[in-house]
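K.L.:
coords please:
(chains A and B)
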Amino acid sequence: MDFAVTTLLNALTLISILMLVGLGLAISFGLMNVTNLAHGEFVTVGAFAVYFVQSIGGSFWLGLLAAPIAGAVVGCILEFAIIRHLYSRPVSTVLATWGVSLILQQGLELTFGLGAKPVTPPIEGTFDLFFTVYPAYRLILIGIAMATLLGLILLISRTSFGLDIRTVIQNREMAEGVGINTRRTYAIAFTFGAAIAGLAGGLVAPLAIVLPQMGVNYLANAFFVVIVGGVGSIAGLVAGSVFVGGLTSILNYQISPSLAQAIVLLAAIVAVRLRPNGLFNGASR
Amino acid sequence: MIARDRNWLLIFVVCVALAILYPFLADGYQLTVIRDALIFGLFAASLDFFWGRTGILCFGHAAFFGIGGYVMALVTLNDANPFGGLLGIVGAIAGAAFVAAIIGYFLFFGGIRGSYFTIVTLAMGVICQQAAVSWSSVTGGDSGLIGIPPIEFDVGGRNVDLSQDLPSYIFVSAIVAVVVLALWSISRGRWGTVLTAIQDNEVRAAALGHNAPLRLLVTFILSAAIAGLAGALYVCMAGLVAPDLSGLLLSTEVIVWVAVGGRGTLLGPVLGAIFIQRAQQTISSFNPSLWPLLLGCVFVIIVFVLPDGILSIHARLRSLFKGRRQA
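P.N.:
Numbers count the residues shown, from 1 in each chain, chains lettered A, B, ... in the order given. Below is the predicted model of the structure:
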């Protein structure tokens, strides 16, 4: 029984992180049709922000506040300097964002030096969940991720900016026709996705190995979340995260992580073959 | 014969002539440097054959290079194998083609194109490298496999030993020249025309009776097979194989070689590979961590300044001056 609960909670941790990282990709890849290969670096930047704040004496929570800000700043600069000029050239976007990702990785390595960076969690110890004992920090992580997701759903369904986003997604030309500044909407949405990915990086920093190259693992998985789940809906994002995160967590118990990831990849490819529009085909496009 | 084809053949002949003259001018070490660069040039040409003709970017092409390399290493290190390196090359080509066939089948017949294809192949590269690291009983893990013997075979009663500088240089140059010429004649013929049609509008091409997914699949398999061949050649020349050969960095470097040399020209990527590797060796001798940083800058610069590669500088300058004159 406690084994099952532990597996479930491990899966929930991974799923939460994947949802937060995948959200920004769902915006840029799914909705704007921009393949941003530097998205993993937003996670890295978030994790390094927490490390940096801790290393100069700040608390973890201050670092967690800095993480999304750092992600947003990098995302905003990237959108402004590169991505907005390449909306009509998808392959060029792939190349340019990959270049940016290399530059960011090496920049971080040159600034902070080689080797993994230590990040201490805000709370040590475990929490007795009646069925099983579980690290307290992971429970907090799941809580923050769920709260963020709930906030996002409210933002998209209840605010006027959310309405703008939904309009631009459905039909860009028509949205321009009724007076929505689509460029600004894209820029804000992109920056927003980068901030959420930065937050994910900050949250995962105490659990992960914080390296300049850590982003690429999240990048590949997050893309599969978006592809498997289907673009255009929060339900698809959740479904994709549950598929990728859940399968990875279950397999990690039986086999080595590399093999587990390979199997998840193959399963994702087969899933895409069987359901090309995603498990949940949300917005009609 | 149209002018573009004549120009291509002219440049090809000039390159072959330079390759023939080079051994008279260079010493043994320089020969091996160019030989290794040519192998990567072959790898670049294999990516260009797919990317240049179909417009679909494969972001994990080093996976096939690595598969070829590992198959070569495993076959030649096996004592029971009586044929040596030549069987290794055949195995490497077959292995890379087999993996490409499986992955390509699911992707092309599943309607995966464009960015989606790029992402899936990116993940494929990541997985291949991880598999090479973690499956250490077969692949030797992080340190890879060493002691791979050079190829040796008999031609007309004479023994050819490719551990020597000159024979290996000639062997590699001949393979590169033949393969590039073959790929070029495929892509300028009917096969290439249909691929261009599919790239322009797949629905229309299908309506004209072309089996688009099958064409793309066969092109992908051919491209992967040549990447496998390049990997096998590299491994037996270098004498070792390591997980880096299937890694993401090599996958991206090959894209830069193609993009710098000029996508769709087949010859340009070979030259781009030679040129950039020389630059890499020079820069890395100052500071090894500077190279990825510069590589990143090159990506961004290519996209904004030279979207058609180095060979397009000429045309761009001409149009620039023309514009001035009119204004």
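K.L.:
Could you use CA atoms for every contact and neighbour count after this?
P.N.:
Fine.
K.L.:
Okay, the residue of chain A found nearest chain B and B:Arg190: tell me how far apart.
P.N.:
Residue of chain A nearest chain B, by CA to the nearest CA: A:Gly99 (3.7 Å). As judged by CA to CA, to the nearest Å, A:Gly99 and B:Arg190 stand 36 Å apart.
K.L.:
What of B:Ser136?
P.N.:
In terms of CA to CA, B:Ser136 sits 45 Å off from B:Arg190.
K.L.:
Comparing these two, which shows the higher neighbour count?
P.N.:
B:Ser136 (14 against 11; other CA atoms under 10 Å in any protein chain shown).
K.L.:
Now the more buried one: phi and psi?
P.N.:
phi -70, psi -20 (degrees, to the nearest 10).
K.L.:
residue contacts, it?
P.N.:
Going by CA atoms under 8 Å, 6 or more residues apart in numbering or on different chains, B:Ser136 touches B:Asp142.
K.L.:
Report the secondary structure state of A:Arg154.
P.N.:
Careful, residue A:154 is Leu and not Arg. Look at A:Leu154: counting by DSSP: H, G, I helix; E, B strand; the rest coil, its state is helix.
K.L.:
burial measure for it, as a count.
P.N.:
12.
K.L.:
With the one 3 residues further on instead?
P.N.:
Burial of A:Ser157, expressed as a neighbour count using other CA under 10 Å, amounts to 14.
K.L.:
can you pull the pLDDT of B:Arg316?
P.N.:
Model confidence at B:Arg316, given as pLDDT, is 67.
K.L.:
One more: the one 4 residues further on?
P.N.:
The per-residue pLDDT reported for B:Leu320 equals 68.
K.L.:
now A:Val231
P.N.:
Confidence at A:Val231, expressed as pLDDT, is 68.
K.L.:
Can you tell me which residues in the stretch 101-250 of chain B are near chain A?
P.N.:
B:106-107, B:109-112, B:115-116, B:119-120, B:122-124, B:127, B:130-131, B:134 (CA under 8 Å from any CA of the partner chain).
K.L.:
Can you list the low-confidence ranges for the chain?
P.N.:
Answering for chain A, as no chain was given. Chain A contains residues with pLDDT under 70 at A:1, A:231-232, A:276-285.
K.L.:
That was the other one, I meant chain B.
P.N.:
B:1, B:81-83, B:154-158, B:307-317, B:320-327.
K.L.:
ok, the residue in it positioned nearest to chain A - how many residues close by?
P.N.:
Nearest residue of chain B to chain A (CA to the nearest CA) works out as B:Gly296 at 3.7 Å. B:Gly296 has 25 neighbouring residues, counting by other CA under 10 Å.
K.L.:
Look up which helix or strand it falls in, please.
P.N.:
Under the criterion of DSSP states H and E, B:Gly296 resides in helix B:290-305.
K.L.:
residues of that helix that come out buried?
P.N.:
Neighbour-count burial for helix B:290-305 flags B:290-300, B:302-303 (criterion: 16 or more other CA atoms under 10 Å in any protein chain shown).
K.L.:
can you check stretch B:68-85 too?
P.N.:
B:Gly68, B:Gly69, B:Tyr70, B:Val71, B:Met72, B:Ala73, B:Leu74, B:Val75, B:Thr76, B:Leu77, B:Gly84, B:Gly85.
K.L.:
Spit out the contact partners of the fourth one.
P.N.:
With CA under 8 Å, 6+ apart as the criterion, the residues that contact B:Val71 are B:Gly88, B:Gly91, B:Ala92, B:Gly95, B:Ala232.
K.L.:
One more pass at 10 Å, please.
P.N.:
B:77, B:88-96, B:139, B:228, B:231-232, B:235, B:241 (CA atoms under 10 Å, 6 or more residues apart in numbering or on different chains).
K.L.:
Just the ones in helices from the residues you listed, please.
P.N.:
Mapping those onto helices (DSSP state H) picks out B:77, B:88-96, B:139, B:228, B:231-232, B:235.
K.L.:
Narrow those residues to those that are buried.
P.N.:
By neighbour count, with 16+ other CA under 10 Å, the ones in helices among the contacts of B:Val71 hold B:77, B:88-96, B:139, B:228, B:231-232, B:235 as buried.
K.L.:
List phi and psi for the most centrally placed residue in chain B.
P.N.:
Centroid-nearest residue in chain B: B:Phe43, 1.5 Å away (criterion: CA atoms, centre = their mean). The phi/psi pair for B:Phe43 (degrees, to the nearest 10) reads phi -60, psi -50.
K.L.:
Spatially, which residue comes closest to it, not counting chain neighbours?
P.N.:
When the adjacent residues along the chain are set aside, B:Phe43 lies closest to B:Ala227, with 5.0 Å between them (CA to CA, 6 or more residues apart in numbering or on different chains).
K.L.:
and that neighbour, how many neighbours does it have?
P.N.:
B:Ala227 has 33 neighbouring residues, counting by other CA under 10 Å.
K.L.:
In this model B:Val99 seems to touch it, though I could be wrong.
P.N.:
No - under the criterion of CA atoms under 10 Å, B:Ala227 is not in contact with B:Val99, lying 12.0 Å apart.
K.L.:
Overlap in contacts, the two.
P.N.:
Common contacts of B:Ala227 and B:Val99 (CA under 10 Å, 6+ apart): B:Ala63, B:Phe64, B:Ile67, B:Ile221.
K.L.:
Pull out the buried positions in stretch A:75-90.
P.N.:
Neighbour-count burial for stretch A:75-90 flags A:Gly75, A:Cys76, A:Leu78, A:Glu79, A:Ile82, A:Ile83, A:Leu86, A:Pro90 (criterion: 16+ other CA under 10 Å).
K.L.:
so what secondary structure elements neighbour the helix holding B:Gly296?
P.N.:
Under the contact definition 3 or more CA pairs under 10 Å, 6 or more residues apart in numbering or on different chains; DSSP states H and E, helix B:290-305 sits against helix A:90-112, helix B:248-261, helix B:267-286.
K.L.:
most packed of those?
P.N.:
Ranked by mean neighbour count, these are led by helix B:248-261 with a mean of 25 (mean count of other CA atoms under 10 Å in any protein chain shown).
K.L.:
quick one: that helix to helix B:267-286, angle?
P.N.:
120 degrees (axes from the mean of the first three to the mean of the last three CA atoms, to 10 degrees).
K.L.:
returning to what we had before: and which of the shared contacts of B:Ala227 and B:Val99 is nearest B:Leu249?
P.N.:
Each of the shared contacts of B:Ala227 and B:Val99 was scored against B:Leu249 by CA to CA, and B:Ala63 proved nearest at 11.0 Å.
K.L.:
which residues touch that closest one?
P.N.:
By CA under 10 Å, 6+ apart, the residues touching B:Ala63 are B:69, B:96, B:99-100, B:121-122, B:124-129, B:224, B:227-228, B:231, B:243-248, B:250-251.
K.L.:
same question, A:Ser88
P.N.:
A:Ser88 touches A:Asn33, A:Val34, counting by CA under 10 Å, 6+ apart.
K.L.:
Wasn't it part of a strand?
P.N.:
No - looking at A:Ser88 with three-state DSSP, it is coil, so not inside a strand.
K.L.:
State the distance from it to A:Arg166.
P.N.:
A:Ser88 is 21 Å from A:Arg166, by CA to CA.
K.L.:
Now do the helices in chain A.
P.N.:
Listed in chain order, the helices of chain A (DSSP H) span residues A:2-25, A:39-55, A:60-81, A:90-112, A:136-158, A:160-170, A:172-177, A:182-204, A:215-229, A:234-254, A:257-274.
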